[in-house]
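Enquirer: next one to model:
(chains A and B)
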Amino acid sequence: MRQFPFIQTLFNFALIALITFALVACKSTSFKIGNLDIGKLVNQGVKVFDANNINEAQEIQLGRNMSAVLLGTRPLIQSSQINHYVNQVGMWLAQNSARPDLPWHFGVIDSTAINAFAAPGGYILITSGMIKQLDNEAQLAAVLAHEIIHVTQQHHLNAIKDGALREAITESLFVSADAYQGNTEASNQDKQYSAWAKKVTGAAQDLYSKGLDRVDEFQADKLGIILLAKSGYDAYAFVDNLQLLASISADDSALALMYKTHPTPEQRLEAMTAQLGTLPSTGKLLPERFQAIME
Amino acid sequence: MTKYSLIFLLFGQFFLNGNSYAVTQKIINNQEKVGLLVRQTNLLKSAKPDSEVITVLKASENITIKSRQRAWYYISPINIPDYSTNKISKGTPLFGWVSMLNVRFLAQAKREGELGLSAAFSSMSKGTLPTVSTGVRGFDDNDLKNSQADFKQVERLHTYKVSKESAKMFAQSVNLLKKVIIKEQGK
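Expert: Prediction:
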């Protein structure tokens, strides 16, 4: 066909038209693979075909898969009371954030590591090792506020757009179109979803191991301390937490991943020096409520 | 903190600051911590930047942190100064306020069990932060790389979700609802 460029062009147009037609045909479907709403994905897939325009439904789906990777390392703690309490604190902060309507989920991972994680779509996880270091509700809220900012600023999504997950996101649209067109049997659909989920898992493992851009971490501190103050907590609890982290040796295994993925507490403290004078002097620490729950 | 040390602090604060009640409340509510000054620091009479300077403490001075008020720690240097100035007489225990950004904790209280107080104080004399080896692992990047996505745990996570209304009531119950105005930086 190389000798007939006109025919080649015509063929390309026909192919694009065919794919577009196939996708448009899927628009009204409520078809699902696993928990993935293929109809919804395809609906978006007609308009957008790359990772630069991930909608909220896709963002939440990604967050769910990425959280599953984190929870695959260690499960949630058994205490419903503590998990529920962390959700109350987190949801209150989220209501004062830029994205109050996301379906926010907060949980405590059973691990001695001192760390916390965010995933797109409103998933926040904190380790029991981190909670053990804290004395009051404001300090807990400070940790959650930092993570909430990662979600509201879409730091992980932006990292994904530039990284290995980009391919997986784009592929999800191909998978959904292919699954619909082929009207394939459930087992085959599951296989296709599994292939996509596996790619997301791999990219999530990579992202959480390497961490976000340092600029994102500093922004999460800067906006996180404001969110903490806006929610009525003692904003200086944020500094308390960094002081606390600075007091633990960098070669403590409990902090290994945090040191690998974040600027040092010293750098973070220095970065917020100018901001401290702008914070309100009011705000609550709430040590009693925190300690009553943790006992 | 013992009853006697609290009385001692009360008197110390009364003479230095004249505002003992508020500070005492903070002392009762907070745990004492041991810290280190990371730079030369003014020891102030009250917790505000334009307060009278009691004395200047040198970098790497070891201190006891009694309480916090906004961005200020109420502290006492562990080594009683062997000098006198026009404001303090020789050998008098010092108490006052320093900027919290000039302080680093030496032994985080919750990890003293693993670390041991003796190690904390030994590293204080060396001017370094103590090193701990917990022997108990959390999880690291190797665990992440070997992780199998656990969707059952995600479903469990979903069961703890709270509503907006519930979170609002939760905040209301401790009066967190007050509108807070944040000044813009540099204004």
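
Enquirer: need the contact list for the nearest residue to residue A:233 once chain neighbours are set aside.
Expert: In this structure, residue A:233 finds its nearest non-sequential neighbour in residue A:138, 4.1 Å apart by C-beta to C-beta, 6 or more residues apart in numbering or on different chains. In this view, the C-beta of every residue, glycine as well, is placed from N, C-alpha and C. Taking C-beta atoms under 8 Å, 6 or more residues apart in numbering or on different chains, we find residue A:138 in contact with A:228, A:233-234, A:237, A:283-286.

Enquirer: next: residue B:73.
Expert: Counting by C-beta under 8 Å, 6+ apart, residue B:73 has contacts B:35, B:65-67, B:97-100, B:103.

Enquirer: Three-state assignment for it, please.
Expert: What DSSP: H, G, I helix; E, B strand; the rest coil gives for residue B:73 is strand.

Enquirer: dump the contacts of residue A:138 into CSV; add secondary structure and neighbour count as well.
Expert: Output for those, formatted as CSV (DSSP: H, G, I helix; E, B strand; the rest coil; neighbours: other C-beta atoms under 10 Å in any protein chain shown):
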residue, secondary structure, neighbour count
A:228, helix, 29
A:233, strand, 31
A:234, coil, 26
A:237, helix, 27
A:283, coil, 22
A:284, strand, 20
A:285, coil, 22
A:286, coil, 22
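
Enquirer: closest one to residue A:220 out of the residues you listed, please.
Expert: Using C-beta to C-beta, residue A:228 comes nearest to residue A:220 of the contacts of residue A:138, at 11.6 Å.

Enquirer: can you tell me how far the closest one is from chain B?
Expert: For residue A:228, the distance to chain B (C-beta to the nearest C-beta, to the nearest Å) stands at 10 Å.

Enquirer: which element is the closest residue to that residue other than its chain neighbours on?
Expert: Nearest in space to residue A:228, with sequence neighbours left out and distances taken as C-beta to C-beta, 6+ apart, is residue A:145 at 4.6 Å. In the assignment (DSSP states H and E), residue A:145 maps to helix A:137-152.

Enquirer: quick check: mean pLDDT of that helix?
Expert: Average pLDDT, helix A:137-152: 97.

Enquirer: count the residues that sit near the spatially closest residue to residue A:129 that is not a sequence neighbour.
Expert: Spatial nearest neighbour of residue A:129, chain neighbours left out: residue A:112 (4.3 Å); criterion: C-beta to C-beta, 6+ apart. Counted with other C-beta atoms under 10 Å in any protein chain shown, residues neighbouring residue A:112 total 18.

Enquirer: element containing residue A:112, please.
Expert: Residue A:112 belongs to no helix or strand, assigned by DSSP H and E.

Enquirer: need phi/psi at residue A:90.
Expert: In terms of degrees, to the nearest 10, the main-chain angles of residue A:90 are phi -60, psi -40.

Enquirer: for it, give me its contacts.
Expert: Residue A:90 touches A:104, A:106, A:124, A:144, A:148, counting by C-beta under 8 Å, 6+ apart.

Enquirer: would you list the buried entries among those?
Expert: Taking 16 or more other C-beta atoms under 10 Å in any protein chain shown as the criterion, what is buried in the contacts of residue A:90 is A:104, A:106, A:124, A:144, A:148.
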